[in-house]
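>>> just coords:
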């Protein structure tokens, strides 16, 4: 039985629309206009016990809204979610004992008090026996390397230390389902790496199920064999990370060792110039025109060496975020069911809608 | 077992919020000093009482307003501002994730805040007795105990009613404004601005059906040794508090659905 099962989950809400200026304010006063925002539309997927799944999407795509429905914070407009066998919005004790939600930009620890004080309350709230709670705190503090920070007021901690303490608080009751929304947000590279190692270890040790959203691709690459991609509220990909690259990156990197230095314009005739440094150049070339383009490059530029490779995952997903999934090459169409690979069409443009930032969950 | 778990939670919350309130003691002391309205009215009414046109003497007025100051310090509720902030900022989410009703955190913070207030309240009372030595008095143990019980009931009722109004935060970002309206009524009907002895009898009778006189006037009367209809007070407070709590539970359930609509 899956730990998380989501069927046709939808979330819509009404927002007031108001024109600017005094006229707009007066009209708004007399007659309010609203528009319906479909934050999440018919999303379906399952997550098996012990899986780590990356949840990708641009700002406003619906990631946080989905996570909040899975944790029972908000109620779906339609569809159903079952998490740990429970309906999240019922917020039954058994359900709340089974889950945790860590939001990078939110905190549960009391700002002016040592984290240990808040942890003791958490231990009482979750009915963890005192000796057991102390052992868990010691174990988690060791794993997270925050032993010395637990007795300092939270406001005195660095962002990285604070996030580790937040994570400790969120995991004290040993939830079997972790929903992590940008847990490495704002952390430096070392702290991000430490957080990733901890999450991997926690997943192995406790067999925890994890859904993780992150704008740092390194998080996804390091932790998530499987990813979900959501765009404008619709789940458009559910599968392996490598499959994501195949599907959303219908282009290749062509690395050139040039015989002589060239102007950028001379290279742009063959494709997008990703890098040009002296005699080294990297071109982005559409797969459909790869053979023809490589032949032309060899014939016209006579490079010393030429290598073709897949673009790095970071770059692919970075482009998806930047371009709101609409790449210069094509737009993804929704997948029919979880696990299916779907198709990539070439029609339509929707612009960078994902950058509008109107996801209610992402900006509470 | 259930009781032991409850007591452990209560103790943990009490310790946490006591630490929190002690961190903010300077702010709390400023609140105490900012709520000296009864002490200003003390001067006004003591002066007016010298005309002999009122049912209370000068000393009785002074004692009355000193007691009003004390009672108000311990029945003042501010949950609506806190709750409104949690809903508007979305920080309520963190509390909804835990298997404990958020109300207990508010209860703990209110109770611990009273503990932190106590030393300065006693200091202000001592200062008042220094300024008006002829008004010095100590309530009897029985009066003090009865007043304390009534004050606890008043606190619980006032908390239940304001917490119920806090639920409007799910519908309005400025739900705390309703407290301004409440305060105007409270000012006149609770005995905060004048003892109810100076009100016409019909007004007093109507007032006694509301919770207001039991929040200030009657606990004060008990402290002054003037007695109070304790059974009636407990009944009226119980009915209002119970209604407030019932309505709160309904609004809470509906509000959580709304909370989703607001997208916090």
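Structure's in. What do you need? Every value quoted in this text rests on a predicted model; they were computed, and no experiment measured them.

>>> Can you give me the distance of the residue nearest the centre of chain B to residue A:113?
The central residue of chain B, meaning the one whose C-alpha is nearest the mean C-alpha position (Cα atoms, centre = their mean), is residue B:75 at 2.1 Å. If you measure residue B:75 against residue A:113 using Cβ to Cβ, to the nearest Å, the figure is 27 Å. The C-beta positions use only the backbone N, C-alpha and C, and glycine is treated the same way.

>>> Would you mind finding the longest helix in the chain?
In the absence of a named chain, this looks at chain A. When chain A is scanned for its longest helix (criterion: DSSP state H), the result is helix A:189-206.

>>> could you do chain B instead?
As assigned by DSSP H, the longest helix anywhere in chain B is helix B:230-262.

>>> Run the chain-centre distance for that helix.
Relative to its parent chain, helix B:230-262 has a centroid offset of 16 Å by Cα atoms, centre = their mean, to the nearest Å.

>>> which secondary structure elements does it contact?
For helix B:230-262, the helices and strands in contact under the criterion 3 or more Cβ pairs under 8 Å, 6 or more residues apart in numbering or on different chains; DSSP states H and E are strand A:4-17, helix B:141-166, helix B:212-215.

>>> how about the residues of the stretch 1-150 of chain A near chain B?
Within reach of chain B by Cβ under 8 Å from any Cβ of the partner chain, the stretch 1-150 of chain A has these residues: A:11, A:13-14, A:39, A:65, A:68, A:71-75, A:89, A:91, A:93, A:96-97, A:99-101, A:103, A:106-108, A:110, A:112-113, A:117-118, A:120-127.

>>> tell me the contacts of the residue in the stretch 201-350 of chain A that chain B sits nearest to?
Proximity to chain B, evaluated over the stretch 201-350 of chain A using Cβ to the nearest Cβ, is greatest for residue A:233 at 13.0 Å. Under the criterion of Cβ atoms under 8 Å, 6 or more residues apart in numbering or on different chains, the contact partners of residue A:233 comprise A:11, A:38, A:39, A:40, A:41, A:43, A:61, A:62, A:65.

>>> between those, which is closest to residue A:267?
Distance to residue A:267, by Cβ to Cβ, is smallest for residue A:61 among those, at 33.9 Å.

>>> My read is that that closest one contacts residue A:235, right?
No: Residue A:61 sits out of contact with residue A:235 when judged by Cβ atoms under 8 Å, with a separation of 9.9 Å.

>>> Between the two, tell me which one has more neighbours.
When residue A:61 and residue A:235 are compared on other Cβ atoms under 10 Å in any protein chain shown, the one with more neighbours turns out to be residue A:61, at 32 against 27.

>>> Now do the same for the more buried one: helix, strand or coil?
State at residue A:61, reduced to three classes by DSSP: H, G, I helix; E, B strand; the rest coil: coil.

>>> For residue B:93, see how far away the nearest residue to residue B:252 once chain neighbours are set aside is.
Beyond its immediate neighbours in the sequence, the residue positioned closest to residue B:252 (Cβ to Cβ, 6 or more residues apart in numbering or on different chains) is residue B:167, lying 5.8 Å away. Residue B:167 sits 16 Å away from residue B:93 when distances are taken as Cβ to Cβ.

>>> swap in residue B:6?
When distances are taken as Cβ to Cβ, residue B:6 and residue B:93 turn out to be 25 Å apart.
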